[in-house]
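1. next come a sequence and a model predicted from it.
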Amino acid sequence: MAKLIDGKRISAEIKDELKREVAEWKEKGKEAALAVIQVGNDPASSVYVRNKKRACEYIGIGSLNYELPEETTEAELLDLIAELNAKKEVSGILVQLPLPKHMDEDKVIRAIDPAKDVDGFHPQNVGALVIGQKGFVSCTPAGIIELLKRNDIEIDGKHCVVVGRSNIVGKPMALLMLRENATVTVTHSHTTNLKEICKQADILIVAIGKNQFITADYVKEGAVVIDVGIHRDENNKLSGDVKFDEVEPLASAITPVPGGVGPMTIAMLMNNCVETMRYTI
Ligand SMILES: Nc1nc2c(c(=O)[nH]1)N[C@@H](CN(C=O)c1ccc(C(=O)N[C@@H](CCC(=O)O)C(=O)O)cc1)CN2
Ligand SMILES: [Mg+2]
């Protein structure tokens with residue numbers, strides 16, 4: 001019977017900790033405000049943007065939301081980002097992904113001031129992570145580390161397999177596990193013996209974007225399984241990249257979808273926003 005890794009509870013704990021810390025910073029005259037830009041009206045993105053706004057309000061920082069129409073040009077978006085970069089009262093900026101196809105996400109991300117890049121996607125922040133220097137770390141991978149640590153799951157010396165190599169999860173996840181002294185294997189669409197590699201994992205982190213792809217035959221008895229996937233069926237029921245019912249009996253610990261990694265993304269975004277209060281003079 002696997003231990004259920006309760007991201008909903010842990011994210012709430014973190015937001016309560018941050019709420020108390022924000023109150024202390026505000027007593028010392030410090031403020032923070034997060035600007036969230038959404039282009040288009042993707043329903044899932046609208047849920048996440050709404051949850052980010054609610055989290056800002058809960059912990060006591062400002063939130064500015066910009067909902068731009070799908071046909072917004074890349075130039076118009078870049079102009080808005082430049083405006084927000086220049087606004088002293090805006091301490092964090094994020095552009096909700098994915099963007100419409102006519103925009104270059106990498107170019108848009110590079111336009112955000114790295115000091116306000118609370119998503120941790122800017123090459124300067126990713127570079128800092130690579131070489132072990134200070135910078136914003138992307139929220140989902142940071143949330144997974146927090147889930148493991150707050151559940152006393154040992155990382156040092158363990159074999160961690162990351163399934164997927166995206167810029168916002170897989171790659172930073174591998175780097176963070178390396179920083180925690182895990183032995184890391186990153187798999188991807190060109191990996192030929194995926195099942196055998198996954199079965200070697202003490203900690204299996206699945207961010208492949210394929211609904212319930214990871215079944216019991218990919219999992220070693222006693223492994224810790226972290227499911228980053230999020231899929232909705234026609235009845236709006238959520239599932240992950242892991243076939244939970246099949247894998248749960250094998251695992252020593254597992255994250256559910258919903259209620260696992262997802263809420264941690266929001267909590268760690270809030271932590272990055274409060275980080276701007278810790279380091280402003
Ligand atoms: N600019 C960004 N865009 C995207 C990011 C990101 O970190 N920055 N990550 C994902 C989406 N995401 C945050 O934006 C996100 C996804 C899921 C959840 C979450 O709480 N999921 C819940 C279920 C919520 C629901 O009802 O759908 C759960 O898993 O329990 C939060 C944030 C891509 N875009
Ligand atoms: Mg692209």
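-> Received the coordinates, thanks. Ligands and ions are numbered 1, 2, ... in the order given.
2. C-alpha from now on. contacts and neighbour counts both.
-> Will do.
3. in the chain, where is pLDDT below threshold?
-> 281 (pLDDT under 70).
4. ok, longest helix in it?
-> For the chain, the helix with the greatest residue count under DSSP state H is helix 7-27.
5. mind listing what whichever helix or strand comes after that helix pairs with, with the direction of each?
-> Using DSSP states H and E, the helix or strand that directly follows helix 7-27 along the chain is strand 33-39. Strand pairing for strand 33-39, determined by DSSP bridges: strand 62-68 (parallel), strand 92-95 (parallel).
6. make TSV from these and add mean neighbour count and distance to ligand 1 to it.
-> Rendered in TSV, the data for the strands paired with strand 33-39 read as follows (neighbours: other C-alpha atoms under 10 Å; distance: least, C-alpha to the nearest ligand atom, whole Å):
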stretch	mean neighbour count	distance to ligand 1
strand 62-68	16	13
strand 92-95	24	5
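7. same list (the ones you listed) but as CSV, adding distance to Ala75.
-> Below are those laid out as CSV (distance: least, C-alpha to C-alpha, whole Å):
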stretch, distance to Ala75
strand 62-68, 13
strand 92-95, 14
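8. between the ones you listed, which one is nearest to Ile112?
-> Ile112 sits nearest to strand 92-95 of all these, at 7.1 Å, using C-alpha to C-alpha.
9. need the residues that contact that closest one.
-> Outside of strand 92-95, the residues within contact range by C-alpha atoms under 8 Å, 6 or more residues apart in numbering are 32-38, 81, 84-85, 109, 112, 115-119, 273, 276.
10. hmm, stretch 270-281 in reach of ligand 1?
-> No - Stretch 270-281 lies apart from ligand 1 when judged by C-alpha under 6 Å from any ligand atom; the minimum separation is 11.1 Å.
11. just the residues contacting that stretch, thanks.
-> Residues outside stretch 270-281 that contact it (C-alpha under 8 Å, 6+ apart): 15, 18, 22, 25, 30-34, 55-56, 59, 91-92, 116, 118-119, 136-137.
12. and that stretch, how far out from the chain's middle?
-> Distance, stretch centre to chain centre, for stretch 270-281: 17 Å (C-alpha atoms, centre = their mean, to the nearest Å).
13. show me what contacts Val118?
-> Each residue near Val118 by C-alpha under 8 Å, 6+ apart is listed here: 92-94, 136-138, 269, 272-273.
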